[in-house]
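Undergrad: Quick one: sequence and predicted model below, then my questions.
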Amino acid sequence: MLVKVYGSAVFGVEATTITVEVDVNKGVGYHLVGLPDNAIKESNYRIASALQNNEYKIPGKKITINMAPADLRKEGSAYDITLAVGILAASNQIKAENLHEYIIMGELSLDGSLQPIKGALPIAIKAREEGFKYFILPKENAKEAAIVNDMEVFGVENIKEVIDYFDGNGTLEPTIVNTRDEFYKNLDFPEFDFSDVKGQESIKRCMEIAAAGGHNIILIGPPGSGKTMLAKRLPSILPPMTLYEALETTKIHSVVGRVKDVGLLSQRPFRSPHHTISDVALVGGGTYPQPGEISLSHNGVLFLDELPEFKRSVLEVMRQPLEDREVTISRARFTVTYPSSFMLVASMNPSPGGYFNDPDAPVASSPAEMQRYLSKISGPLLDRIDIHIEVNPVPFEKLSSNQKAESSVEIRKRVTAAREIQTKRFEDLPNVHYNAQMNTKQIRKYCQLDTASLELLKTAMERLNLSARAYDRILKVARTIADLDNSENVVGHHISEAIQYRSLDRDGWLG
């Protein structure tokens, strides 16, 4: 008897429906075709034990299984229960009515219990698009898949529950998730808060500007000055994610199996990879491509601590994603694209010893050592970082002060108001949502200066030996400062403040 059961394969962040055709006929043998990988080829041992331990068995006949489309590579152990249900239905051990309405996915243990799978959310989205009514999967993934409405999601713990359900001897309870309630419930409770940071008012102001305009930022300062502490708190002042952004972010994290019982992600991601990371781990890829750290930080923050310690090749592969806000990974047979619209926050010591031009510093570095250390970061990469700011150590008086600092919630209100101005300004431009995304043409249109401001910028560039690449960056940052002031035009004090945030372009840093 021939039976068709349906599963799904995930490529990039999108799913493709897989038709599993099971034919049980006269003869002997077990034949699995359709480009399965080793994990799927080994499934017959798991299926045999799981069925035997639940008083069923693989029939002693010729079993032929085809996973269509046959020219598409299938990988992973998530097809175990799909194959098991197909074998049971084709051998008349269970009723096979309405199987065409179900997507069934899950990895089997030898006792028949189900292990969680990866990519449940994109699978559920694709299943709904293609008109499937039900999705059976492991209980740990049920909440994640139930984000998708107009489809019943059944979370199960054991294959016996699935068998009894199809035989009519038991029922399965659908998992219900109110997506909007779930999303808004956890929106305003950041783990880290700016009220914890003593002093550093100028740096907080800088972080506020970076958050308001979506600008990449680099913090330069000696050890213990608070660079990491400030960076970890940046997501708490970014505008709350929209429901669309939350779904997009959850899809990426679902593909690598990081969601499970959480359901919909409501906090912006913060990723902080170690400096020993490889370029593939950072941008994504591999034999079977997976999202990298820059895609996992999509709609959030990527923090690179001690930037010069990263391998130069690793930093250079970020140049294209920073510009295009997506990563394309090409293989001979297919191409996958992962979104990667993130804010880059980097930190670094000003020298190998950690101190810059400080006569009292415990470790001194020669000018040649400093230049060699700083030159590890290429000009094209720095060109994509709008704000450079020096972070000085906090004096004891401020560290020991009991005065409460401004909270992240208060700062976020100003940032959100500035972002709303930008959203309205760029509503007719499909690929521009905030100031950092402006190209040269848009900068000329939205950052027009009066004569006095233009003269100020000219003087600053000449006196401070600012490079040509700093010009557009200063205008972008000045536009964001004007938005925070609710000012329609960019004026002199906006320009003068923006000029302060180009430390690495000044003579004496990188030349």
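TA: That came through fine.
Undergrad: Which secondary structure element of the protein has the lowest mean pLDDT?
TA: helix 179-185 (a mean of 69; mean pLDDT, DSSP states H and E).
Undergrad: Show the subsequent helix or strand relative to it.
TA: helix 201-213 (DSSP states H and E).
Undergrad: Give me the buried positions along that next one.
TA: For helix 201-213, burial by neighbour count (16 or more other C-beta atoms under 10 Å) applies to 203-213. Glycine gets a C-beta too; all of them are placed from N, C-alpha and C.
Undergrad: how distant is that helix from the center of its chain?
TA: When distances are taken as C-alpha atoms, centre = their mean, to the nearest Å, helix 201-213 is centred 22 Å away from the chain's centroid.
Undergrad: Alpha carbons of that helix, as CSV, please.
TA: Taking Å, rounded to 0.1, in the frame of the first residue of the first chain, the C-alpha atoms of helix 201-213 are listed here in CSV:
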residue,chain,number,x,y,z
GLU,A,201,27.2,60.9,31.3
SER,A,202,28.8,61.9,28.0
ILE,A,203,29.1,58.3,27.0
LYS,A,204,25.5,57.6,27.8
ARG,A,205,24.6,60.6,25.6
CYS,A,206,26.6,59.1,22.9
MET,A,207,24.9,55.7,23.3
GLU,A,208,21.5,57.5,23.1
ILE,A,209,22.5,59.1,19.8
ALA,A,210,23.7,55.8,18.4
ALA,A,211,20.5,54.1,19.4
ALA,A,212,18.3,56.9,18.0
GLY,A,213,19.9,56.8,14.6
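Undergrad: so what does that helix touch, helix or strand wise?
TA: strand 217-220, helix 227-232, strand 343-348, strand 387-390, helix 408-425, helix 469-484 (3 or more C-beta pairs under 8 Å, 6 or more residues apart in numbering; DSSP states H and E).
Undergrad: Now tabulate those in CSV and tack on mean neighbour count, mean pLDDT and distance to Asp71.
TA: Shown next, in CSV, are the helices and strands packed on helix 201-213 (neighbours: other C-beta atoms under 10 Å; pLDDT from 0 to 100; distance: least, C-beta to C-beta, whole Å):
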stretch, mean neighbour count, mean pLDDT, distance to Asp71
strand 217-220, 24, 92, 46
helix 227-232, 20, 92, 46
strand 343-348, 24, 94, 39
strand 387-390, 23, 90, 49
helix 408-425, 18, 93, 44
helix 469-484, 23, 91, 47
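Undergrad: now for those, which one comes closest to Pro239?
TA: The closest of those to Pro239 is helix 408-425. By C-beta to C-beta, the value is 4.5 Å.
Undergrad: who's in contact with Ile263?
TA: Rather than Ile, residue 263 is Gly. 143-144, 146-147, 177, 182 (C-beta atoms under 8 Å, 6 or more residues apart in numbering).
Undergrad: Rounded mean pLDDT for stretch 41-58, please.
TA: For stretch 41-58, mean pLDDT rounds to 95.
Undergrad: for it, how far is the first residue from the last?
TA: For stretch 41-58, the first-to-last residue distance is 15 Å (C-alpha to C-alpha, to the nearest Å).
Undergrad: Please compute how far it lies from its chain's middle.
TA: Using C-alpha atoms, centre = their mean, the offset of stretch 41-58 from its chain centre is 37 Å.
Undergrad: Can you point out the buried residues in it?
TA: 43-44, 46-51, 53-54, 56, 58.
Undergrad: follow-up on the earlier one: most neighbours of all the contacts of Gly263, which one?
TA: Glu144 (32 neighbours; other C-beta atoms under 10 Å).
Undergrad: Tell me how far that residue lies from Leu265.
TA: According to C-beta to C-beta, to the nearest Å, Glu144 stands 10 Å off from Leu265.
Undergrad: who touches both of these two?
TA: Common neighbours of Glu144 and Leu265 (C-beta under 8 Å, 6+ apart) are 250, 259.
Undergrad: now this protein, which segments are flagged as low pLDDT?
TA: 182-190, 260-262, 353-365, 468-469, 505-511 (pLDDT under 70).
Undergrad: Show me the domain layout of it.
TA: 2-177, 185-397 (automatic domain parsing).
Undergrad: Present those domains as JSON lines; the columns should include distance to Val490.
TA: Shown next, in JSON lines, are those (distance: least, C-beta to C-beta, whole Å):
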{"stretch": "domain 2-177", "distance to Val490": "38"}
{"stretch": "domain 185-397", "distance to Val490": "12"}
